[in-house]
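Novice: Let's see this in three dimensions:
(one chain, ligands or ions: 1)
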Amino acid sequence: AHSIVILLFVTRLVSAIGKSKPWTDFLPPNLLSLDFSERIRTDSLAIESASSDYGNIVHENPAAVLYPSSTQDIVSLIKFAYNNSAPFTVSARGRSHSVFGQAMAPNGVVVDMMHLRSHREQNGVIVSKNPSLGFYADVGGEQLWIDVLKATLEHGLAPVSWTDYLYLTVGGTLSNAGISGQSFRYGPQISNVYEMDVVTGKGELVTCSAHKNSELFYAVLGGLGQFGIITRARIGIEPAPKRVKWVRVLYSDFSAFTKDQERLISINGRKQSNALDYVEGSLLMNQGPPNNWRSSFFPSSDIPRIMSIVTQHGIIYCLEVAKYYDDTTQHSVAKELQQMYKGLSFIPGFKLEKDVSYVEFLDRVRNGELKLQSQGLWDVPHPWLNLFLPKSRISDFNSGVFRDIVLKRNITTGPVLIYPMNRNKWDDRTSAVIPDEEVFYTVGFLHSSGFDDWQKYDDQNKELLKFCEKAGIKVKQYFPHDKSKEEWINHFGSKWRTFRERKALFDPKMMLSPGQRIFN
Ligand code: FAD
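Specialist: Numbers count the residues shown, from 1 in each chain. Reported below is the predicted structural model:
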């Protein structure tokens, strides 16, 4: 697999060098006479590095890449593009862990945000406190969440809302939503931001919050990079727990599984001590091993008996919860979990518990990543599909999609996630789009494929979207892509008008994040 990846890289490099036109065909030559021009590269290595993403399906060459050493470099670039007689496109590239080219800028300029990390004061994460907000961290938009975690933990503090995987940038996840098992209680990451610095599509650096320049603030949160580049976010942080009880229980009955998930997320007050800290879920099927890159949870001694019920039922539903604790709550946590188990209808004997450190829990995906990387299997195509679904139709989705399409197609799946969230933890003023029901589910098909067979996964994704459309299940895509204008309008629904108006206000020349293919 290693040699395939290397071969692919070399082939692309050769083709990039061979095919690409000179950058001056797309960008004004005086770009390189500006005071920040030494940080702009147009050579083939730079171009190649910005022309792919985690998805490894879409490949688009920019004409140039900016390696900024300050926010001012980004301001200067966008101002120059905006004032140029032929404006060019600009895309912030965080960790480039999008899956369908969303952070690319075909023939435009990619801003390599991660380059800023080595130029920031105090490593780009500054912890403070004030009377109205309590503790907060000012974090560079280019920072990885793992670094935010490490820096805030030095003060015994941490953000409360996470993604499953921490090697993503703050700007990248805030441009989508940033969800994980904590979202039911703390909201997505975009619900935990107090303030941001944003470089708009006019090249203006604007500080915005719910009280100041609020239109820009809400536009940018979940805004798919369309309104500005986030260079700083002020994020709420709280005292961090030390340890985590991490539990998985298994179900053969879908409605028992979802009933339990929904009951668990209904206890969701921020200060409610009997609330869980994390609720997720996933499918176990013959098409994939119970342990995968997302987390290696099940002890190998339990795998045979787990696989035996998977074979018996076709699909087993795995509820995953976590309860944090520290020195003061270590005596009550076991009792609270015992209480919780009594109310759950999982298959007797299929409760597996782990006790891990807080960091081990939050960073649980990293080990799987490193293992796949060492096998050359991390950089394969990823035809992912992530959805939000109304609770009222989740059972139809189970029978029509999981049981019918996925089981019947019988292709090896990656992790399939399914867990509910509470709409009231989301702010409707943001650009993020979710279903119109108080409780909704996220379902993620996180496929990895070979280089020549990603299409069959994409076909399955399309088939299940078609099924939902026919069955009248109003799904919203998380990380939407590949949409016609009409489909985008449909995706945003009642938010489309505001989205378009905000675009006209903050990026009137439609230069930003063209890889999302909404306006370009
Ligand atoms: P990029 O892919 O670099 O950028 C994404 C978009 O945001 C682009 O349009 C880009 O132009 C724009 N952008 C980037 N930086 C900025 C900025 N500073 N200002 C404005 N716009 C910007 N998501 C979840 O919510 N929960 C998860 O648990 C989760 N797990 C994941 C696990 C893996 C292994 C992977 C690959 C992805 C996962 N994601 C998850 C998806 C991830 O949140 C998004 O793909 C996110 O965009 C990745 O961040 P990034 O830094 O790589 O962004």
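
Novice: Contact partners for Ile57?
Specialist: Listed by C-beta atoms under 8 Å, 6 or more residues apart in numbering, the contact set of Ile57 reads Val99, Phe100, Gly101, Pro381, His382, Pro383, Trp454, Asp458. C-beta here means a position set from N, CA and C on the backbone, and glycine is covered the same way.

Novice: cool, Glu204 as well?
Specialist: Neighbours of Glu204 in contact, by C-beta under 8 Å, 6+ apart: Val75.

Novice: Which per-residue confidence value corresponds to Ile17?
Specialist: Looking at Ile17, its pLDDT stands at 50.

Novice: next one: Asn286
Specialist: Reported pLDDT for Asn286: 87.

Novice: For the ligand, what's the nearest residue on the stretch 351-500 of the chain?
Specialist: The nearest approach of the stretch 351-500 of the chain to the ligand comes at Phe479, 6.0 Å away (C-beta to the nearest ligand atom).

Novice: Spatially nearest residue to that residue (excluding sequence neighbours)?
Specialist: Leaving aside its chain neighbours, Phe479 sits nearest to Asn386 (5.4 Å; criterion: C-beta to C-beta, 6 or more residues apart in numbering).

Novice: can you check Lys129 too?
Specialist: Nearest non-adjacent residue to Lys129, counting by C-beta to C-beta, 6+ apart: Phe135, 4.9 Å away.

Novice: about what we covered before: what is the burial count for the residue of the stretch 351-500 of the chain closest to the ligand?
Specialist: Applying other C-beta atoms under 10 Å, we find 18 residues neighbouring Phe479.

Novice: Go ahead and confirm it touches Ser98.
Specialist: Yes - contact criterion C-beta atoms under 8 Å: Phe479 and Ser98 qualify, at 6.9 Å.

Novice: ok, the helix or strand hosting Phe388: who's next to it in the sheet?
Specialist: With elements taken from DSSP states H and E, the one containing Phe388 is strand 385-390. Sheet partners assigned to strand 385-390 using DSSP bridges are listed as strand 439-445 (antiparallel), strand 476-478 (antiparallel).

Novice: re the thing from before, pairing partners for the strand or helix carrying the residue nearest to Lys129, with directions?
Specialist: Element membership of Phe135, judged by DSSP H and E, is strand 134-140. Its sheet considered, strand 134-140 pairs with strand 125-130 (antiparallel), strand 228-236 (antiparallel) by DSSP bridges.

Novice: so which of the ones you listed gets nearest the ligand?
Specialist: Closest among those, once you apply C-beta to the nearest ligand atom, is strand 228-236, at 3.7 Å.

Novice: next SSE after the closest one?
Specialist: Defined by DSSP H and E, the subsequent element after strand 228-236 is strand 238-239.

Novice: by contact count, what packs against the longest strand along the chain?
Specialist: Assignment by DSSP state E gives strand 315-325 as the longest strand of the chain. Judged by 3 or more C-beta pairs under 8 Å, 6 or more residues apart in numbering; DSSP states H and E, strand 315-325 is in contact with strand 243-251, helix 254-266, strand 278-285, helix 303-313, helix 330-342.

Novice: Show residues contacting the strand holding Phe135.
Specialist: 116-117, 120, 124-130, 148, 151-152, 155, 157, 159, 170, 194, 231-238.

Novice: Would you mark the buried spots in that strand?
Specialist: Buried positions in strand 134-140, judged by neighbour count with 16 or more other C-beta atoms under 10 Å: Phe135, Tyr136, Ala137, Asp138, Val139, Gly140.

Novice: Check which element follows the helix or strand bottoming out on mean pLDDT in the chain along the chain.
Specialist: One helix or strand of the chain scores below all others by mean pLDDT, DSSP states H and E: helix 2-19, with a mean of 54. The C-terminal neighbour of helix 2-19 among helices and strands, as given by DSSP H and E, is strand 40-41.

Novice: What's the end-to-end length of stretch 146-163?
Specialist: 10 Å (C-alpha to C-alpha, to the nearest Å).

Novice: does it come close to the ligand?
Specialist: Yes - residues of stretch 146-163 contacting the ligand under C-beta under 6 Å from any ligand atom: Thr163.

Novice: pLDDT averaged over that stretch, what's the number?
Specialist: 98.

Novice: Check stretch 188-208 too.
Specialist: So the average pLDDT for stretch 188-208 ends up being 98.

Novice: let's number from 183 now, not from 1
Specialist: Sure, I'll start counting at 183 from here, so that last one is stretch 370-390.

Novice: Can you see whether that stretch contacts the ligand, counting any residue in it?
Specialist: No - shown here: stretch 370-390 not in contact with the ligand (C-beta under 6 Å from any ligand atom), separated by at least 7.1 Å.
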